[in-house]
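S.K.: Sequence plus predicted model, see below.
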Amino acid sequence: MFCENCGYQVDDDDALFCENCGAKLEFEGAYCIYCKTTFYEPVSHCSNCGKKIIKKSLEVRDIDLDIITYPDDYTLWEKRARLLKKFRIHDEAKRSLEEADRIKQLNLPPEEDNEWFKEGMKYYEAGYYDEANKCFAKYLEINPTSSDALYFHDLTSNDFEESLKDYEDALANDPSDAALWNSFGVALDDIHQYKKAIEAFDQALELKPNNEIFLNHKGLSLESLQKYDEALECFEKAIEINKFYGDAVDNRNRVKKILDSN
């Protein structure tokens with residue numbers, strides 16, 4: 001962690017004070033990788049399941065939040081497994097790899113069709129985004145409703161209109177995919193089309209009304225439109241569903257400060 005007072009990097013994750021300037025260090029939070037509980041005070045063991053809290057556990061939480069939005073993205077499960085293996089949490093790493101393999105078996109198209117996606121991922125991981133984008137576009141010709149391919153195609157695209165059209169075509173084929181509506185909303189929010197983004201999040205929430213991720217995303221778009229009361233309502237609903245959802249807690253607190261200052 002870094003000391004906010006002097007900028008010094010403190011290598012001891014359990015340190016309470018900066019060894020350089022003596023300032024008190026801000027606690028960033030802790031996360032149980034087993035039962036997915038977030039703590040906002042220093043703890044050594046989870047009060048919910050009793051498991052030991054590992055250092056740098058918030059890195060795992062960030063991946064788990066992505067998995068909530070994209071549960072069928074096997075690359076996220078593989079990323080989770082690699083991180084847990086690095087932390088020597090072999091039982092959970094193995095479980096994550098097994099989940100990745102299960103998703104591959106269920107959802108991947110025949111090997112010859114999947115080559116475009118694999119090539120796209122190779123280019124993406126190497127930083128060649130134009131080449132990656134072309135591969136994901138080819139894959140989408142074969143599997144137009146693949147939320148994974150749409151996500152990476154959007155991520156590597158400089159043509160926002162083309163990306164939005166891909167989402168619209170996919171939703172026309174499968175309008176009951178809540179995660180796809182949410183991804184569409186995020187893409188619209190990225191290009192500041194906040195009203196349309198909110199409409200997309202509403203579609204996602206109509207399909208899955210108790211999804212805290214969708215509510216949080218809708219709240220962010222409402223905040224961008226300066227509709228702070230409505231944004232606050234979304235963040236608070238998200239926290240009601242998952243009181244340990246750190247992003248929604250941070251967003252709620254920020255909007256509360258804005259409303260209190262007006």
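M.R.: The structure has been received and is ready for your questions.
S.K.: can you pull the pLDDT of the residue nearest the centre of the chain?
M.R.: When the chain is reduced to its mean C-alpha position, the nearest residue by C-alpha atoms, centre = their mean turns out to be residue 66, at 2.8 Å. The predicted structure scores residue 66 at 83 on the pLDDT scale.
S.K.: How about residue 15?
M.R.: If you check residue 15, the pLDDT there is 64.
S.K.: Roughly how far does residue 149 sit from residue 201?
M.R.: With the distance defined as C-beta to C-beta, to the nearest Å, residue 149 ends up 22 Å from residue 201. Placement of C-beta: from N, CA and C, glycine included.
S.K.: all helices for the chain, in order.
M.R.: When assigned using DSSP state H, the helices of the chain occupy the ranges 58-69, 74-86, 90-107, 111-126, 129-142, 147-155, 160-173, 178-190, 194-207, 212-224, 228-241, 246-261.
S.K.: winner for burial among those?
M.R.: Ranked by mean neighbour count under mean count of other C-beta atoms under 10 Å, the helices of the chain are led by helix 212-224, which reaches a mean of 24.
S.K.: Output it as CSV - backbone C-alpha positions only.
M.R.: What follows is helix 212-224, C-alpha atoms only, in CSV (Å, rounded to 0.1, in the frame of the first residue of the first chain):
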residue,chain,number,x,y,z
GLU,A,212,-26.8,-5.1,-7.5
ILE,A,213,-24.3,-4.6,-10.4
PHE,A,214,-27.1,-3.4,-12.8
LEU,A,215,-28.4,-1.1,-10.1
ASN,A,216,-25.0,0.4,-9.5
HIS,A,217,-24.4,1.0,-13.2
LYS,A,218,-27.8,2.7,-13.5
GLY,A,219,-27.0,4.9,-10.6
LEU,A,220,-23.7,6.0,-12.2
SER,A,221,-25.6,7.0,-15.4
LEU,A,222,-28.2,8.9,-13.3
GLU,A,223,-25.4,10.7,-11.5
SER,A,224,-23.8,11.7,-14.8
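S.K.: distance between it and the chain's centre?
M.R.: When C-alpha coordinates are averaged (C-alpha atoms, centre = their mean, to the nearest Å), helix 212-224 and its chain have centres 13 Å apart.
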